[in-house]
Each structure stands twice: as C-alpha cells, then as structure tokens.
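Novice: only the shape, not the letters, is given here:
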C-alpha cells in the first residue's frame with residue numbers, strides 16, 4: 001500500500017498510522033521526496049482501506065499490488081511531468097526532443113550544436129562528458145572541464161543539459177552544471193548510484209539495461225524514488241538479443257507497456273536502439289506513434305569525424321528534417 005501524508009501531519013499522528021499499519025502485518029518504509037511524504041507498506045494481508053483512511057494525517061491511501069509501488073500507475077491517476085525550468089518540460093502534453101553528440105569534444109562543437117538546436121526550437125541538449133567505452137583506448141570524454149564549458153554556453157542559449165553520471169563520486173562535482181542526470185544502460189542496476197541520485201533535487205533519466213527487463217527498469221526507478229527523488233524519466237534504448245543486423249534490438253513494445261505500468265514519462269533513444277544512421281528516423285517516428293513522451297538522439301556537425309558513435313549519428317541537415325517529422329507525427333497522433 002501507499003499512504004500519502006498531509007503536509008501538516010504531526011509526529012504523533014504519523015506514529016499512530018505506522019503502528020496501525022504494522023498491526024496489519026505490513027512492513028513500513030517512510031519516504032520523503034521533494035514535495036511529498038509517503039508511508040510505503042509491504043505485506044499480503046487483505047484489509048479494508050477504510051480502516052486506515054479515516055485516520056488524521058492521511059491525505060490519501062492506495063492499494064498497490066506491484067512490488068515497484070511508488071513508480072506504479074496503480075496509485076497515481078495523473079501522469080508525472082518533469083519541469084526543468086524556463087518552460088522546458090518532459091512528460092504528457094508535449095513531445096520533448098533531446099539532441100546532441102555522443103561525446104562533448106570541444107567548445108566549437110558545443111557552439112555549433114547549440115545553434116542547430118536553437119534554429120530548430122529544441123530546448124534540451126544531450127552529450128557525454130564521462131563515456132563508458134567497451135575499449136579502454138577509445139575516447140572517454142572531457143570530464144568536468146568539458147561539462148563546465150558546455151554548461152556556460154547552454155545557459156546563455158536557454159538550453160537544458162542531459163548528461164551521464166557514471167559513479168557516486170561524480171554527482172557532487174556535476175550537480176551545478178546538469179539539468180538531468182542520465183543513468184546509462186551499464187549502470188541501471190548500480191544500486192549505490194541509484195540511492196545517491198535519490199538524494200538530489202534534479203531530474204534523473206534511467207536507461208534500460210543492456211539485457212534488462214521492463215520490470216527491472218521499473219525497480220531501478222523505484223530505488224531512486226524511494227530514496228527521495230521523484231523527478232524521474234524512463235528511457236527505452238534497445239536491448240541486446242541474438243540479432244546481429246543492428247547494434248541493439250529496439251523494443252518499441254516497451255513504450256506502451258511502460259506507459260500502462262508507470263506514471264513516469266517514457267522517452268526513446270533510437271540512436272542506440274538501432275545504431276545505424278539511416279534507420280534512426282523511422283525508429284524515432286515509430287516510438288512517437290507508440291506513445292513516447294520524448295525522443296533523445298545523437299547529432300553532430302560531421303558524424304564521420306565524431307569521437308564516438310559516428311555510425312549512428314545524424315548530421316545537422318538530417319537532424320533538422322527529423323525534428324520536423326517528429327513534431328508532425330506527434331501532432332497527428334494527438335489529433336486522432
């Protein structure tokens with residue numbers, strides 16, 4: 001069950017509620033987030049919610065059978081929307097487009113990308129400053145120095161930043177320069193990192209694990225929410241299967257399934273999902289038609305010279321065309 005406390009609940013009222021839930025045989029965990037206060041109860045005994053619902057201090061109470069309770073849609077009718085400030089949101093009602101290079105490479109590259117995004121009315125730039133690479137000899141990013149020069153230009157352009165954090169020790173040094181912390185596919189079950197991201201007041205985008213199930217992605221989000229951060233976004237980015245024709249197998253099925261199971265925004269990453277430049281566009285459009293709240297993809301002024309992932313990266317002309325088509329597809333879907 002999930003009990004949502006009134007904002008003005010007193011300590012004695014809270015204790016009485018916890019005791020009443022414990023008497024029902026439920027283990028309780030108190031969760032305090034940026035704007036709400038919950039008591040999560042874990043147990044199997046059937047009971048009438050009205051036996052608790054009348055108690056002072058309770059704003060709402062819900063029965064949630066899913067093990068991932070706080071991110072479940074079974075208790076929250078309205079869908080969550082992430083407000084990044086300055087009119088930039090991710091969630092129901094508007095398609096969020098996030099674009100940029102795989103890796104931040106130089107000040108000039110950042111300037112060119114930001115101008116491309118501004119020209120196409122895109123308010124969120126993606127990019128990596130810490131890059132988890134399969135080969136230790138590949139380009140691994142510019143680190144915090146690259147993030148700082150990127151942030152300075154992005155702030156002046158009115159564009160938000162989404163970038164990957166790879167370990168707990170990076171959170172504090174990145175915090176002032178990030179709008180959305182991205183948890184990459186290799187870290188989706190790094191529970192120490194998820195716990196620490198639950199303590200920050202910034203949005204967190206969690207990518208699906210390389211071979212992860214939909215349920216495991218939801219559990220990862222539950223870790224962050226239960227630690228205190230409900231500013232969460234889920235990202236389907238393809239999974240590893242026996243198929244070798246593409247980099248990954250983009251699971252379009254996951255988008256409507258996630259939208260049915262959780263109240264969190266769901267975005268799609270077609271660049272990593274298929275890993276082949278000429279097929280990024282159709283996969284991105286398919287994700288929009290499947291109900292994605294946003295698309296995050298890779299673009300670079302000269303993909304053939306990109307430090308990483310050039311084979312799946314659109315040039316600016318291809319990117320501009322994709323943005324137009326994404327907006328038209330979203331408008332078409334919501335006009336039906």
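Specialist: Happy to help now that I have it. Worth saying up front: this structure is predicted, and the values here are computed from it rather than measured. Numbering: from 1, shown residues only.
Novice: residue 233 contacts residue 179, correct?
Specialist: No. Counting by C-beta atoms under 8 Å, residue 179 is not a contact partner of residue 233; they are 11.4 Å apart. Where C-beta positions appear, they are placed from N, C-alpha and C, glycine not excepted.
Novice: what is in contact with these two at once?
Specialist: Both residue 233 and residue 179 are in contact with residue 203, where contact means C-beta atoms under 8 Å, 6 or more residues apart in numbering.
Novice: more neighbours, those two?
Specialist: More neighbours surround residue 233 than the other of residue 233 and residue 179, with 26 against 21 (other C-beta atoms under 10 Å).
Novice: what's the more buried one sitting at in phi/psi?
Specialist: Dihedral pair for residue 233: phi -130, psi 140, per degrees, to the nearest 10.
Novice: and it, what does it touch?
Specialist: Applying C-beta under 8 Å, 6+ apart, the residues near residue 233 are 82, 90, 180, 203, 204, 205, 206, 264, 265, 266, 267, 294.
Novice: what about the strands in the stretch 51-200 of the chain?
Specialist: 58-62, 81-85, 88-91, 96-100, 124-126, 160-164, 180-183 (DSSP state E, counting those that start in this stretch).
Novice: and those: which comes nearest residue 38?
Specialist: strand 58-62 (9.7 Å; C-beta to C-beta).
Novice: return the helix or strand in this structure with minimum mean pLDDT.
Specialist: helix 50-53 (a mean of 91; mean pLDDT, DSSP states H and E).
Novice: and that one, what other elements does it pack with?
Specialist: Contact here means 3 or more C-beta pairs under 8 Å, 6 or more residues apart in numbering; DSSP states H and E; on that basis helix 50-53 packs against helix 11-23, strand 58-62.
Novice: let's see that with 6 Å instead.
Specialist: Applying 3 or more C-beta pairs under 6 Å, 6 or more residues apart in numbering; DSSP states H and E, one finds that helix 50-53 contacts no other helix or strand.
Novice: show me where the stretch 201-336 of the chain has helices.
Specialist: With helices called from DSSP state H, counting those that start in this stretch, the stretch 201-336 of the chain shows them at 214-226, 254-261, 270-274, 277-289, 316-335.
Novice: and if you look at the stretch 51-200 of the chain?
Specialist: Using DSSP H, counting those that start in this stretch, helices in the stretch 51-200 of the chain cover 107-119, 143-157, 168-174, 191-197.
Novice: and the longest one, how far out from the chain's middle?
Specialist: Spelled out, that is helix 143-157. 21 Å (C-alpha atoms, centre = their mean, to the nearest Å).
Novice: same question, the third one
Specialist: Between the mean C-alpha location of helix 168-174 and the chain-wide mean there is a distance of 18 Å, by C-alpha atoms, centre = their mean.
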